[in-house]
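# Following is a predicted model, sequence given first.
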Amino acid sequence: MTPVTAIRIAPEDNVATLLADAAAGDSVAVDGVPIVAANAIPRGHKIATAAVARGDAVTKYGFPIGRASVAIEAGDHVHSHNLATALTADTPLVPAPQPDDSEFTRGPDRCFRGYRRADGRVGTRNEIWIIPTVGCVGNLAERVARIAATKHAGSVDGIHAFKHPFGCSQLGDDLSHTRALLAGLAQHPNAGGVLIVGLGCENNQLGALIESIPAARRTHIRSLAAQSVEDDEAVCLSLIEELVGIAGQAERSEAPLSELILGVKCGGSDGMSGLTANPLVGRMGDSIAASGGRVILTEIPEIFGAEPTLLGRAVSRDIFDRAAALIDDFKAYFVRHGEPVSDNPSPGNVAGGITTLEEKSLGAVQKGGKVPLTDVQRYGGQATRPGLTLLEAPGNDAISSTALTAAGATLILFTTGRGTPLGFPAPTLKIASNTSLADRKSGWIDFDAGQVLDDGFDGAADALLDLVIDTASGRPTRSEANGERDIAIWKSGVTL
């Protein structure tokens, strides 16, 4: 019988990840050396390559991913029954020594065809976005978008409303979060025209929202307080017609990769995500950043336990301190709500082979590649510097992907081992960590990263970069074709 193969990522690791299911007694090849599986081990799960005493560290990616809760023998299935997190809220944040970054050099000059805006930014779509200030006018926004999309089909790349339930009965930072997020969307370069629809009596006042957007980025924005007119639907449609007339004049033109802003995200991860899809996306980030572009990484709770690998790339002490403060503040947010900082991974992650948050985080941060950490932004902030921006947002797929868009991401790379149909305002490429998912959910998945197990990273990276450029130039993603376009806002405070 052909042995099942398992991959040990770093030489010092005492676990390896199986590429196929193994039954008890099966031979598992690790670095060419056979190990007998002591029990049944599913694909994506871990096998011990050496004995680990109770309380000792289990290592993967060259770093501890927790401690053995009982003695582990070589060949054992390593998972929730014998491995526990070692994370605490007060784990000190120190940078780890970084590998030689000599490979991080300027890549070949590549271009995409995008829409250059008046402020110099380049969008990957030319759409009309309808943004409600408050949930009360969300249905109005959606109704108007449906009517206008039919009437103006072909004039722009699409007309979309982004309904949400917030904007009323919010206070303090919670209201500020909503306003900042919506302001970020309203000034996004993928929107050739924006209609902001308010009600009139909400906390998130229309005037204050518009004032929070830089004046140079308001030329394509129109607004309406629905309580102030008799026929709100007719006025909205008239304003959209005006915006379509403006946006419809835009044409695609060639732009260098340095003008692309890439958001990176993982959702529904499995044990293969850190071996295939996430490091492959990291290579995309390297290509974009090496060309002078911007990459945005978020999901702060999914950095817990992997902070050294990220903080060691900070370009200055100030950036290191700001990143450490952001991470510490997010841990304090958990503590204030009486939750352990290690209350992750999700049930789907666990079923896919991820055991602890340390393991999940060490796989997740690979989406940032080797890109130098050049900026740190709080929720609702904008990515303005070449290199890697660390953006404050939770791990939730919809909230973090919306935050990436509001921060300026004109294209999102979303890795997944379990699959999800969700789509967001910026075009979102779904990248499967395994070929089984890519084949089974071809209506959701745009790219199969499982191919790197057979063919290596180089060919897959070239193919994914071609897809990134094609998508930035107008090729629709699966979620766009399926009409999946939603937003979610982080609700973190008191509701009146």
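Received it, and whenever you're ready, just let me know what you need. Owing to the predicted nature of the structure, the values given are computational and were not obtained by experimental measurement.
# Neighbours of the residue nearest to A364 when sequence neighbours are not counted, how many?
The shortest distance from A364 to any residue that is not its chain neighbour, by CB to CB, 6 or more residues apart in numbering, is 4.5 Å, and that residue is E302. C-beta coordinates here come from the backbone N, C-alpha and C atoms, glycine included. Residues contacting E302 under the criterion other CB atoms under 10 Å number 27.
# ok, E302 - contacts?
E302 sits next to 266, 344, 357, 360-361, 364-365, 395 when contact means CB atoms under 8 Å, 6 or more residues apart in numbering.
# for the stretch 201-350 of the chain, what spans make up the helices?
Counting by DSSP state H, counting those that start in this stretch, residue ranges of the helices within the stretch 201-350 of the chain are 206-211, 232-247, 277-290, 307-311, 317-336, 347-351.
# picking that back up, which ones among the contacts of E302 are found in helices?
Among the contacts of E302, the residues falling in helices (DSSP state H) are 357, 360-361, 364.
# Looking at the residues you listed, spot the one nearest E142.
Ranking these by separation from E142, with CB to CB as the measure, puts A364 on top at 33.2 Å.
# Can you tell me how far that closest one is from R113?
31 Å (CB to CB, to the nearest Å).
# ok, the two, which is more surrounded?
Legend: neighbour count by other CB under 10 Å for A364 and R113, higher for A364 (28 against 16).
# which sections of this structure are below the confidence cut-off?
By pLDDT under 70, the weakly predicted segments of the chain are 1, 94-108.
# what domains does the record give for it?
Structural domains assigned to the chain are 4-84, 127-249, 257-481, following automatic domain parsing.
# just those domains: most buried one?
domain 257-481 (a mean of 22; mean count of other CB atoms under 10 Å).
# Setting aside sequence neighbours, what's the nearest residue to N204?
Counting by CB to CB, 6+ apart, the nearest residue to N204 once its immediate chain neighbours are dropped is G167, at 3.7 Å.
# tell me the SS of the one you found?
Under the three-state scheme (DSSP: H, G, I helix; E, B strand; the rest coil), the conformation of G167 reads as coil.
# roughly how far apart are it and L199?
From G167 to L199 the distance is 8 Å (CB to CB).
# got it, and P425?
Going from P425 to L199 by CB to CB gives 22 Å.
# ok so, going back, settle this for me: the residue nearest to N204 is touching A141, isn't it.
No: distance between G167 and A141: 11.9 Å, which falls outside the contact criterion (CB atoms under 8 Å).
# and G282, what is it in contact with?
264, 366-370.
# which non-adjacent residue is nearest it?
If the residues on either side of it in the chain are set aside, G282 comes closest to G369, at 3.3 Å by CB to CB, 6+ apart.
# wouldn't the one you found be in contact with A290 here?
No: at 9.4 Å, G369 does not count as touching A290 under the criterion of CB under 8 Å.
# Any idea how many residues pack against the closest residue to D328 other than its chain neighbours?
Using CB to CB, 6+ apart and skipping the chain neighbours, the partner closest in space to D328 is L93 (7.1 Å). Neighbours of L93 under the rule other CB under 10 Å: 16.
# Going forward, count from 14.
Got it, the first residue is 14 from now on, which makes the last one we talked about L106.
# For L106, give its distance to D334.
Plainly put, L106 is 10 Å away from D334 if you go by CB to CB.
# Please name the residues that touch R80.
Here R80 is in contact with 68-71, 96-97, 99 (CB under 8 Å, 6+ apart).
# The helix or strand harbouring G79 pairs with which strands, parallel or anti?
Here G79, judged by DSSP states H and E, is contained in strand 76-81. Strands that pair with strand 76-81, judged by DSSP bridges, come out as strand 70-73 (antiparallel), strand 96-97 (antiparallel).
# what about the shortest one, distance to the chain center?
Offset of strand 96-97 from its chain centre (CA atoms, centre = their mean, to the nearest Å): 27 Å.
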